[in-house]
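**Student:** here's my sequence, what's the structure:
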Amino acid sequence: MHRKTILFILLIFPSLLIQAQNRKLQFSDPEINKKNEIILSVNNPSTSGVSYKTLVRGNADSLHVEALTLYPERSFYFPLRRELMIYNQFGCFSYDEEIGNWKENNFISSFSDGNPLSPLSLKPLEMSPDGRYGVFIQEDEEGASLILYDREMDVSLSITSKLRHEYIEKLVKWSPDSKYFIYRRGRDLYYFSIDQYQAGRIPAESFRSIGFQDIQSVHWNPGNYLFILKDRLLFRVHSTEFFTRSFYSDPFRKGVVWGRIPIAYDPAFDSHSLDRDGKRLFLLKNGSDGMIFSLNNDPSQNRDFQQAPVLYSSVNTRIETVLWLHDGTLLLFLRNRRDNTGQVLTYKDGKDQGFRELASGDIFGLSSDSGGMQFALLRSGSVEIYNTASLTVLKTLIHHRSLAFYWRSDSYISAGRDTIRRINTDSGVSENIGLSQISQAGFSLTGELYGQCEDLWYKYNEALSWLPQKSRVELGPSNLSNTEYRIYLEEKRGGWFGSSLKIRNIEGYKTSDFLPLYSGAQTRNVSLQHKRDAGSNPWYFDHGAPTDKNEIALVLNAVDTAEAVPEVLRILEQYKIPATIFINGDFIHANPGETSLIAESGHRVGSLFYTYFDMSDPEYQLDKTFLKKGLARNEDDYFIATGKEMDMLWHTPFYTINAAILDISASMEYVFIGTDIPVYDRLNLRNPVDSSRFDVVDQALQLLNRVKPGSIIPLTLGKNQSQDEYLFLVLPMIIEELLRQGYEFVDLQEMMKSSR
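**Tutor:** Residues are numbered from 1 along each chain as shown. Got it, this is the predicted structure:
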């Protein structure tokens, strides 16, 4: 072994990890004018991976608040309506070209309605391609409902209710003509027909089942054809078949087999995309290995599979966008996790011998026009428009960090990190139609509101409209009080708010919160008889002592395979959740790339012995020499693979524990990490859960009900051949629900330090 670390040092030195409290909402630069108007900047740590700042204005008398800048956390463009829609944590907004300003859509709850802000994931909203209908989640006392909103009729309809919290994931996929959508309830899929809705004859949900599971297996193509990939078979069904087939049989077992692929598709870990004609399929296996298959559905033709070259991407690379263009050209956008650079690869059937690099560097996204004749590369300072046929640059448009790009007949719409622009197609001249963020803002001496963005000054003109100014604006002094009110920031502990802006009524001796605080479920009170001692054995730790902070810790066990390890690390980074990851030697040897990725992630890494077996089996004669050699071998293998040392933490496979194991832990100065929550997330001989009734959401809900302050939550990573659902794949649901309940994820060693 390469070092010895005594327990005192292990417990005293703080973690270098980014702590969960960095996901708090941060307030800054409050100011009040003589009209009792208050402005404040809100920094929201979005789960999309980019924090953004929103300028908020409110009134000290009424406490009404509104967002004045529109960060495009999500955006939609509806060509027939010539309408741009922006959706973020503050609400849903549309740009009205006729009057040249923005309006807030009131069909979905928003910040201006009094809903508190949240740094959690943006609730699902799926708009129909024609822009008339929106499908979204509405929470209620019994859980949540899926709501259809008709913008033209201004009516809402509950599609299905009592949804469990799996709604964090994608729920809806619209058909290209906006006449149907497929939605998910649990894993089961159902169709919804707009024609049936308009005729007032919607069948019961049980009659609208399409007899299939896993919405990630579903893909709509032009012509309203629905494709479903199951195992090695690709099925095709037309939307008109829903009316008859769903009443009598599973349409996909008796429908058309459109094609076959030679590799089994696993919807838990794989993804796929079809070209516009449904003739070729791009399969992304385990999130890293990409391959293209020609789909031969003519039984008279040769059944030999025609496979293009395989794309092998590193564990540090994530394929974020897959685009099929009009001539069958495939575009892939890859992002490097280490340096956040991008790469665009192309493949043309019959012309290329493999995937070729088109561009790399400061690329942040891809977009194409509706016909696939042109596409755009979104760079840090510009947008490059390409011709699909020649793969050459047609023009370069200047716009800083575009996040979404749309084609129109006479112009482009580019929604960026700082500004939202309309760009003339011919001249390239652009105009700002909205501000995404403002670097500074303030009131003039006359009480008017001004803001600065990209070195230009703007005057606020109501309805989210900002008028550009020809010269620099001199702001008045930043006031925290006037004759009626005094405002100040108060630091807060716990919850999602790093601080709170207080409004003090000078004459009325009353203090109020400027922004509504989240008032959801709180952590359950722990009675005295359940307040647990963390234990006196310094070499064993299975729970923390309850504190006012309601701390909990997350443990991940990497046992064998490495499926979705990069995705899990990405989720932890999005939510700024520290974790301790236990690795054994089998994992290290089989997955050197993922092992290095874990080592570089900044999370603590502990030992899970050098191999994974049941130590409680009487066939094994465990002695101190055997256990010491196993721990030392695993530590050395990890150092050889990564150049880094493991933390002096470990636990046995299946958490087997006895006095001899604890004695060995003490002699080697390892702390044995147990858990107070048994989690049966792997179907095996050690798991009492009936595999026929294994439901990952049920498992997550049972886990959430067992969590208490001080709990250590263990999840097992990797693939298990005996199951097709995995608890770690609903990690966002678990994290968000625990944050809603007021828990705070902390580094395991920080919990140990505060509990001793």
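
**Student:** contacts only, for residue 264.
**Tutor:** Applying Cβ atoms under 8 Å, 6 or more residues apart in numbering to residue 264 gives the contacts 231, 232. Every C-beta, even on glycine, is put in place using the N, C-alpha and C of the backbone.

**Student:** with residue 429 instead?
**Tutor:** Counting by Cβ under 8 Å, 6+ apart, residue 429 makes contact with residue 423.

**Student:** now it. Its backbone dihedrals?
**Tutor:** Per-residue torsions, residue 429: phi -70, psi 140 (degrees, to the nearest 10).

**Student:** from residue 383, how far out is it?
**Tutor:** Distance, residue 429 to residue 383, using Cβ to Cβ, to the nearest Å: 14 Å.

**Student:** next one: phi and psi at residue 587?
**Tutor:** Backbone torsions of residue 587, given as degrees, to the nearest 10, read phi -70, psi -40.

**Student:** excluding its backbone neighbours, what's nearest it?
**Tutor:** Among residues not flanking residue 587 along the chain, residue 558 sits closest, at 4.7 Å (Cβ to Cβ, 6 or more residues apart in numbering).

**Student:** do the same with residue 91
**Tutor:** Using Cβ to Cβ, 6+ apart, the nearest residue to residue 91 is residue 110, at 3.1 Å.

**Student:** the one you found: how many residues sit nearby?
**Tutor:** 19 (other Cβ atoms under 10 Å).

**Student:** pretty sure it contacts residue 88?
**Tutor:** No - Residue 110 is beyond contact range of residue 88, at 9.8 Å (criterion: Cβ atoms under 8 Å).

**Student:** now do the residue nearest to residue 91 against residue 330, distance only.
**Tutor:** The gap separating residue 110 from residue 330 is 39 Å, by Cβ to Cβ.

**Student:** other SSEs contacting the top helix by length along the chain?
**Tutor:** Among the segments of the chain that qualify as a helix by DSSP state H, the longest is helix 624-642. Judged by 3 or more Cβ pairs under 8 Å, 6 or more residues apart in numbering; DSSP states H and E, helix 624-642 is in contact with helix 585-590, helix 592-600, strand 604-607, helix 659-667.

**Student:** so what does whichever helix or strand comes after that helix touch, helix or strand wise?
**Tutor:** Using DSSP states H and E, the helix or strand that follows helix 624-642 towards the C-terminus is strand 649-650. Under the contact criterion of 3+ Cβ pairs under 8 Å, 6+ apart, strand 649-650 touches strand 579-583, strand 604-607, strand 671-673.

**Student:** so which of these is the most packed in?
**Tutor:** Among these, strand 579-583 has the highest mean neighbour count (mean count of other Cβ atoms under 10 Å), at a mean of 26.

**Student:** how close does residue 697 get to residue 228?
**Tutor:** Residue 697 is 22 Å from residue 228, where distance means Cβ to Cβ.

**Student:** next one: residue 644
**Tutor:** For residue 644, the distance to residue 228 - Cβ to Cβ - is 44 Å.
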